[in-house]
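K.L.:
Model the structure of this input:
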Amino acid sequence: MKTVLVVEDEAVALEDLRDSLLEIDSSLEIVGVQTAMEALELIGNRKNDNPQKFDGIFLDIELPGMSGIQMLERMGSPAPPVVLVTAHAMMALDAFGYGVIGCLLKPVDQQRLRRAYLQMKAIADAPPKSEVQPGEYIQGSESRVLLRDRNGIHMVQVLDFSHLTDEGGSTRIFFGSHSVVVPHSLQDIEAGLDREHFFRVNGSTIVNLSKVTHYTTSPTGLFVAGLPDGTAAEFSPERSRIFQVRFEL
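P.N.:
Okay, the predicted model is just below:
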């Protein structure tokens, strides 16, 4: 991770974000511009004259002349990882799918900025796409993801997932009183989960151990995990044995 582009139309906010990023990584080269058009011209110049591209972009959505979303549409693919910086989270939904990995709400909290930067750095420093392992959807237990259902958009920390179930190639994620289906396989999502917190109990269910309300055993002696929504997940024989060994039961 060497160079990031910050696109922010307010000069004070641009300098504040630059200073905050340098506090996190003093070796960063930070290029700041105040319009999407300037950013596109700069990216174009780098593509044409210099093989080095930006390793990441911090992008405001509300920009004069051309919005951040319109800029992402013009950039095309592949794009470096992008973190949106906005005062309006609802506006961020349309940008996901253009390399966006997260969203920071203004005023930007330093700890959340640090997590977003480290997530961006992990992606930028990862091996080429062909060598990347499954699990890109989840970037660690401290990361946050945007999930949408009929009630709106939820920005959810991974550790707030109570359990995840297979939905025939997709995955249903349960959190609080909500559940949302995402177009990623349970196997791919599992690859990005922290095994200290998440445990696959059978072929179709992963539970967050800290969210299990209670454990019982089935008539056949298998463990059964009680879940916050009132349902229960029975362990497979193999996973029951692994669970028993892991926790010395």
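K.L.:
Please count neighbours and contacts with C-alpha atoms only from this point.
P.N.:
Fine.
K.L.:
Return the per-residue confidence for I57.
P.N.:
Per-residue confidence (pLDDT) for I57: 94.
K.L.:
In contact with it, which residues are there?
P.N.:
I57 sits next to V4, L5, V6, V7, P80, P81, V82, V83 when contact means CA atoms under 8 Å, 6 or more residues apart in numbering.
K.L.:
and with 10 Å instead?
P.N.:
By CA atoms under 10 Å, 6 or more residues apart in numbering, the contact set of I57 is 3-7, 30-32, 39, 79-84, 99-100, 117, 120.
K.L.:
Just the buried ones from those?
P.N.:
For the contacts of I57, a burial check counting by 16 or more other CA atoms under 10 Å picks out 3-7, 30, 32, 39, 79-84, 99-100, 117, 120.
K.L.:
rewinding a little: cross the contacts of I57 against helices and list the overlap.
P.N.:
A39, Y117, M120 (DSSP state H).
K.L.:
quick one: the second one and L84 touch, right?
P.N.:
No: applying CA atoms under 10 Å as the test, Y117 and L84 come out as separate, 11.5 Å apart.
K.L.:
got any residues that touch both of those two?
P.N.:
Taking CA under 10 Å, 6+ apart as the contact rule, Y117 and L84 both touch I57, F58, G102.
K.L.:
distance of the first one from V224?
P.N.:
Distance check for I57 against V224: by CA to CA, to the nearest Å, it reads 45 Å.
K.L.:
Tell me which residue lies farthest from the centre of this structure.
P.N.:
Most distant from the centre of the chain: P219, at 39.9 Å, with distances by CA atoms, centre = their mean.
K.L.:
For that residue, report the pLDDT, please.
P.N.:
93.
K.L.:
Pull the number of nearby residues for L249.
P.N.:
By the criterion of other CA atoms under 10 Å, L249 has 7 neighbours.
K.L.:
list the contacts for R239?
P.N.:
F199, R200, V201, N202, G203, L222, F223, V245.
K.L.:
Give me the domain ranges for the protein.
P.N.:
Domain ranges of the chain: 3-131, 158-246, per automatic domain parsing.
K.L.:
Let me have those in a markdown table, adding distance to V145 as columns.
P.N.:
Below are the domains of the chain laid out as a markdown table (distance: least, CA to CA, whole Å):
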| stretch | distance to V145 |
| --- | --- |
| domain 3-131 | 7 |
| domain 158-246 | 7 |
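K.L.:
least reliable of the ones you listed going by mean pLDDT?
P.N.:
domain 3-131 (a mean of 82).
K.L.:
Confirm that F174 sits in a strand.
P.N.:
Yes: the assignment for F174 (DSSP: H, G, I helix; E, B strand; the rest coil) places it in a strand.
K.L.:
State the distance from it to F161.
P.N.:
As for F174, its distance to F161 is 6 Å (criterion: CA to CA).
K.L.:
next one: E238
P.N.:
For E238, the distance to F161 equals 24 Å [CA to CA].
K.L.:
Comparing the two, which shows the higher neighbour count?
P.N.:
A direct count of neighbours by other CA under 10 Å for E238 and F161 places F161 higher, at 21 against 12.
K.L.:
hang on, the more buried one packs against K211?
P.N.:
Yes: counting by CA under 10 Å, K211 is a contact partner of F161 at 8.1 Å.
K.L.:
Return every residue with contacts to both of those two.
P.N.:
Common neighbours of F161 and K211 (criterion: CA under 10 Å, 6+ apart): F175, F198.
K.L.:
now do the same end-to-end measure for stretch 153-169.
P.N.:
Start to finish, the residues bounding stretch 153-169 are 22 Å apart (CA to CA).
K.L.:
Check which residues of that stretch are buried.
P.N.:
Quick answer for stretch 153-169 (16+ other CA under 10 Å): H154, V158, L159, D160, F161, S162, H163, L164, T165, D166, E167.
K.L.:
Brilliant, that's me finished.
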